[in-house]
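Student: Give me a model of this one.
(chains A and B)
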Amino acid sequence: MPASLLRELNSLLGPSNVLHKIEDLVLYEYDGSVEKARPDLVVFPHTTEDVSRILKLATKYNVPIVGRGSGTGLSGGALARGGGTMIVFARMNRILELDLENARAVVQPGVVNLDITRAVEHAGLYFAPDPSSQKSCTIGGNVAENAGGPHTLAYGVTVNHVTALELVLPDGEIVRVGSKHGDTPGYDLCGLFVGSEGTLALVTEITVKLTRKAEAVKTLLAIFDAVDDASNTVAEITARGITPAACEMVDGWTLCAIEDYIHAGFPRDSAAILLVEVEGLREAVEAQAAAVEDVCRTHHAREVRIARDDRERDLLWKGRKNAFGALGRLAPSNYVLDGVIPRSKLPQALQQIQSIGKKYGFSIGNIFHAGDGNLHPIVLYDPRDPQQFENAIAASREIIRYCVELGGALTGEHGVGMEKNELMPLLFSDADFDLMRRVHDAFNPDSSLNPGKIFPLSKGCGEIRVRKQAETLPAHV
Amino acid sequence: MRTPANIPGAVPVYEDFARCVHCGLCLNNCPTYRLWHLEGDSPRGRIRQMILVGNGELPLAEGFVGHIDKCLDCRACETACPSGVEYGKLVEHARARIETEYKRPLFARFTRNIVFKRLLPYPNRIAFAARLLRFYQRSGLQSLARASRILKLLGLAERERLLPRIDGHFFFRELGKTFPAQGARRARVAFFAGCIANVTFTKLNEATIRVLTANGCEVVVPSAQLCCGALAAHAGVRETARQLARKNIAAFGGGHFDAILTNAAGCGSTLKEYDHLFSPNEPEHPAAVAFGNSMRDVTEFLATLGLVAPLKETRLRVTYQDSCHLLHGQKVREAPRQLLRAIPGIEFVELPYSDICCGSAGVYNVTQTAASLDLLKEKMDYAKITRATTIVTANPGCLLQLRAGAEIHKTGQNVVHVVELLDSVLKQS
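Tutor: Numbering: from 1, shown residues only, chains lettered A, B, ... in the order given. Just a heads-up that it's a prediction; the model follows:
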């Protein structure tokens, strides 16, 4: 890293917005994933112009750039795999405009997801995409990863809630795509940039759609003795034309761990629980809740609990929300996977996950967004043992491979990043990669933005600007 | 991970650190991260630094000490953490380690030594210092100092504003007394009076006793009680905290109380966790556990017991600022709200971001004044939005800070403790 770059950044942003000491940089080499890569510099822009000037400097000095919000990502998307300068958007966190009448908000990328909702909830509105990290993750990161969440089933993912973007291209040029209201003529570039994992441009302003809060919500928890019954229930709920706002499944083993932790009265001998939430107009919700209960009972639910008020609703969610804490007590660390399977294949997928776990000697908990077949197996391991970490990675790859074999996908919502780029050929052919490469090169021909992500290194773009670091070491302790 | 052997009491082990899977869900709940958006000043970043220091990969030097010093120890990150990381334990151990291995500048060492080791543990010294301060406040010296530019020149203007007003009479004189329950006795409790509270929160302590006795509690105020040691423990001065814990356990021991009560959430949190000060194989440990189990915050206890004393109707719009060590340290959220709602005629509005620290945090407003005042400003901005005439909280430190906030930001709001509000609406029997 040239010293004159540091000097120029210091004079551009002021020293309080530039980190260069090793003791500070080591705190940006991790995110929420198990990956690790250290930047050479960290900078905090406050305006779009700052970002543009930083990118011009980066071009001048030929250093890679990676954007980052809160660093809650689960696939290493916001890690500096090629070293270089990391742009942290956390201080670009102003809500620029609230247009409540038209249900739009214009925000800077560093605004925290939940803070959008907190700013508009007084008007009965909210921002629908709700990743589990929503109290910390930034909207910029959500856009980069096209984040989803438990309520994706009914409301869609981030791309369905973004109508316009302001972007800075790698050479520093500032452009706008999409429009505040409705569709725009020409290519849907907004859709292209959302989910591009920071490899095409950096987002500096986002216009989001706000959603009106449902009049009523009803939450049910059903306990099953067989996974088949639970997954058949999910299939039939959809078949009856009901789209729950959320439909979450937790396996019996994980439920035991949760019960040991929070003592909420969950049975210790069940195979799975389903947490189903329906929203809408009061009358419709009553009818849907009754129908869901009926489906659960038809498929031999041992017990169905229905929340009568917010307090009871919180109680039902408590098990799901405490799953990580509960599993955290069983092993020093855990690795959360993300795969998608066709909903109908849940029982066999669960069985296969268990046998993969057994093969490598791991306990694996299963929490998933059952409604859309998005699995989150959680591998419990001890990072002190390098072999265990290797095995955790190997087990995860086997599970993901199996998801693809079943007709599913590599990732439901965590993104590819540097976690799964080598698995991409499972889904895509050389011709597919070639097309993606051409899109990539149209915006980021020198791979100066977020190098080493999405594409397998062997099929990378132009110069492979990935620095060999101890990438496979656990990010823990 | 290497852990130094010369720190007395419980020492966190590998698993305590490893439980942090660096998901980052704590970040936006951390007041200092919200201020500066620096990973180094987030719970996740601080834990990472502790690990690196533990591994010898990061020197225990100015940078690390700065980030740990800036932590409020409010423990909001514990509430946010999905993995159950006990951050409070970790940061207090880090501070104990800094205390033994890092040489602070002379002035800092001098004042820390005076405050934590030579003043707070000794009631007669607290009383003496309070009389001096009272003389300063009442003799006209204070007005003189405030009118002149001397405080500004010394850089003390803001800190001087946060000084508590010394009471005309001290609560110390009530130590050793027993206050009978009014009506049928429903419980027998011991009252923990605090240290500085004896000279600055006499009225709060008296109000607490009135509310308890009016609700059928016999209140014993054991005479041998001392400062709880929270400030010392939070600062890493662990041996002092341990000595105080031993003496308090003895002072309250054998009294057969239904509970030991405090109206100071900061003290309560430490008192409930006296066992953290002793490792499980030390002889004091079982008694520390038992002591902690009998501790209750006064709001927690009253909400469970149920109010029976008749209350006057009062037309007030009130909001509630969670005291961090009640909400995050002791996980008590509903009890104070329940008590407020029980007052007839009261209009209760939630304070946005009431779970974020007001910047008081023990001695934080003195040691990190700028950060403390920034947090206070945001707090008062939200307090204004509520249009409440009264801000209620549950800890003396928060009271001082919020009162200063109401004055600095001219919100015109009254700031009281939950039990003070209850006391003000008790029907005279």
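Student: got the domain boundaries for chain B?
Tutor: B:14-101, B:106-161, B:171-303, B:311-424 (automatic domain parsing).
Student: so which of those gets nearest chain A?
Tutor: domain B:14-101 (3.7 Å; CB to the nearest CB). All C-beta spots, glycine's among them, are computed from the backbone N, C-alpha and C.
Student: Can you flag the weakest of the domains of chain B by average pLDDT?
Tutor: Between the domains of chain B, the lowest average pLDDT goes to domain B:106-161, which shows a mean of 86.
Student: Quote the end-to-end distance of that one.
Tutor: End-to-end distance of domain B:106-161: 25 Å, with CA to CA, to the nearest Å as the criterion.
Student: Please apply the same query to stretch A:153-170.
Tutor: Stretch A:153-170 end-to-end distance (CA to CA) = 35 Å.
Student: before we move on, what about stretch B:377-394?
Tutor: 20 Å.
Student: near chain A, anything from that stretch?
Tutor: No. Judged by CB under 8 Å from any CB of the partner chain, stretch B:377-394 and chain A are separated, with a smallest distance of 10.1 Å.
Student: Residue numbers of chain B in contact with chain A?
Tutor: B:1, B:14-15, B:17-19, B:21-29, B:37, B:39-40, B:45, B:48-49, B:51-52, B:55, B:58, B:63-64, B:80-84, B:352.
Student: and the domains of chain B as JSON lines, adding distance to residue A:379 and mean neighbour count?
Tutor: Output for these, formatted as JSON lines (distance: least, CB to CB, whole Å; neighbours: other CB atoms under 10 Å in any protein chain shown):
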{"stretch": "domain B:14-101", "distance to residue A:379": "12", "mean neighbour count": "22"}
{"stretch": "domain B:106-161", "distance to residue A:379": "45", "mean neighbour count": "14"}
{"stretch": "domain B:171-303", "distance to residue A:379": "31", "mean neighbour count": "21"}
{"stretch": "domain B:311-424", "distance to residue A:379": "30", "mean neighbour count": "21"}
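Student: Low-confidence ranges, the stretch 351-477 of chain A, go.
Tutor: Scanning the stretch 351-477 of chain A for pLDDT under 70 picks out A:459-477.
Student: how about the strands of it, start to end?
Tutor: For the stretch 351-477 of chain A, the strands defined by DSSP state E, counting those that start in this stretch cover A:364-369, A:374-381.
Student: and the stretch 301-450 of chain A, which of its residues are near chain B?
Tutor: A:321-322, A:324-325, A:328-329, A:332-334, A:383-384.
Student: What about the residues you listed, which are in helices?
Tutor: Judged by DSSP state H, the subset of those located in helices is A:321, A:324-325, A:328.
Student: for the chain, longest helix please?
Tutor: No chain specified, so I'll use chain A. helix A:386-405.
Student: think we crossed wires, I meant chain B
Tutor: helix B:369-386.
Student: Report the secondary structure state of the most centrally placed residue in chain B.
Tutor: Central residue of chain B (CA atoms, centre = their mean): residue B:266, 2.3 Å from the mean position. Three-state call for residue B:266 (DSSP: H, G, I helix; E, B strand; the rest coil): helix.
Student: ok, it - contacts?
Tutor: When contacts are counted by CB atoms under 8 Å, 6 or more residues apart in numbering or on different chains, residue B:266 touches B:230, B:323, B:325, B:329, B:362, B:395-397.
Student: In helices, which of these fall?
Tutor: Short answer: these in helices (DSSP H) are B:230, B:325, B:396-397.
Student: Please enumerate the helices of the stretch 51-200 of chain B.
Tutor: Under the criterion DSSP state H, counting those that start in this stretch, helices of the stretch 51-200 of chain B are mapped to B:62-70, B:76-80, B:87-101, B:106-112, B:123-138, B:141-147, B:150-153, B:157-161, B:197-200.
Student: Serialize the residues of the stretch 301-450 of chain A next to chain B to JSON lines and add fields for neighbour count.
Tutor: As requested, these are exported to JSON lines (neighbours: other CB atoms under 10 Å in any protein chain shown):
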{"residue": "A:321", "neighbour count": "14"}
{"residue": "A:322", "neighbour count": "18"}
{"residue": "A:324", "neighbour count": "22"}
{"residue": "A:325", "neighbour count": "18"}
{"residue": "A:328", "neighbour count": "26"}
{"residue": "A:329", "neighbour count": "14"}
{"residue": "A:332", "neighbour count": "21"}
{"residue": "A:333", "neighbour count": "26"}
{"residue": "A:334", "neighbour count": "25"}
{"residue": "A:383", "neighbour count": "22"}
{"residue": "A:384", "neighbour count": "15"}
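Student: Any chance of TSV for those, columns distance to residue B:281?
Tutor: Formatted as TSV, those follow (distance: CB to CB, whole Å):
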residue	distance to residue B:281
A:321	36
A:322	31
A:324	31
A:325	27
A:328	26
A:329	22
A:332	23
A:333	27
A:334	30
A:383	28
A:384	24
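Student: In this structure residue A:250 contacts residue A:256, no?
Tutor: No. Residue A:250 sits out of contact with residue A:256 when judged by CB atoms under 8 Å, with a separation of 10.3 Å.
Student: Residue A:381 versus residue A:359, what's the distance?
Tutor: 14 Å (CB to CB, to the nearest Å).
Student: what sits against residue A:449?
Tutor: A:64-66, A:170, A:198-202, A:443.
Student: okay, these in JSON lines with neighbour count, distance to residue B:241 and secondary structure next?
Tutor: Shown next, in JSON lines, are the contacts of residue A:449 (neighbours: other CB atoms under 10 Å in any protein chain shown; distance: CB to CB, whole Å; DSSP: H, G, I helix; E, B strand; the rest coil):
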{"residue": "A:64", "neighbour count": "25", "distance to residue B:241": "49", "secondary structure": "coil"}
{"residue": "A:65", "neighbour count": "28", "distance to residue B:241": "48", "secondary structure": "strand"}
{"residue": "A:66", "neighbour count": "29", "distance to residue B:241": "44", "secondary structure": "strand"}
{"residue": "A:170", "neighbour count": "22", "distance to residue B:241": "55", "secondary structure": "coil"}
{"residue": "A:198", "neighbour count": "28", "distance to residue B:241": "47", "secondary structure": "coil"}
{"residue": "A:199", "neighbour count": "26", "distance to residue B:241": "52", "secondary structure": "coil"}
{"residue": "A:200", "neighbour count": "22", "distance to residue B:241": "55", "secondary structure": "coil"}
{"residue": "A:201", "neighbour count": "25", "distance to residue B:241": "54", "secondary structure": "coil"}
{"residue": "A:202", "neighbour count": "27", "distance to residue B:241": "49", "secondary structure": "strand"}
{"residue": "A:443", "neighbour count": "19", "distance to residue B:241": "58", "secondary structure": "helix"}
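Student: now the end-to-end length of stretch B:21-41.
Tutor: So stretch B:21-41: terminal residues 17 Å apart, CA to CA.
Student: distance between that stretch and the chain's centre?
Tutor: Stretch B:21-41 sits 22 Å away from the centroid of its parent chain (CA atoms, centre = their mean, to the nearest Å).
Student: re the thing from before, for the domains of chain B, give me JSON lines that also has distance to residue A:7.
Tutor: Formatted as JSON lines, these follow (distance: least, CB to CB, whole Å):
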{"stretch": "domain B:14-101", "distance to residue A:7": "21"}
{"stretch": "domain B:106-161", "distance to residue A:7": "32"}
{"stretch": "domain B:171-303", "distance to residue A:7": "38"}
{"stretch": "domain B:311-424", "distance to residue A:7": "28"}
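Student: Looking at the ones you listed, spot the one closest to residue A:227.
Tutor: For the domains of chain B, proximity to residue A:227 was assessed by CB to CB; domain B:14-101 is nearest, at 24.5 Å.
Student: My guess is residue A:412 contacts residue A:148. True?
Tutor: Yes. Between residue A:412 and residue A:148 there is a contact under CB under 8 Å: 6.7 Å.
Student: what secondary structure does residue A:265 sit in?
Tutor: Under three-state DSSP, residue A:265 falls in the coil class.
Student: Against chain B, how distant is it?
Tutor: Residue A:265 sits 19 Å away from chain B, taking CB to the nearest CB, to the nearest Å as the criterion.
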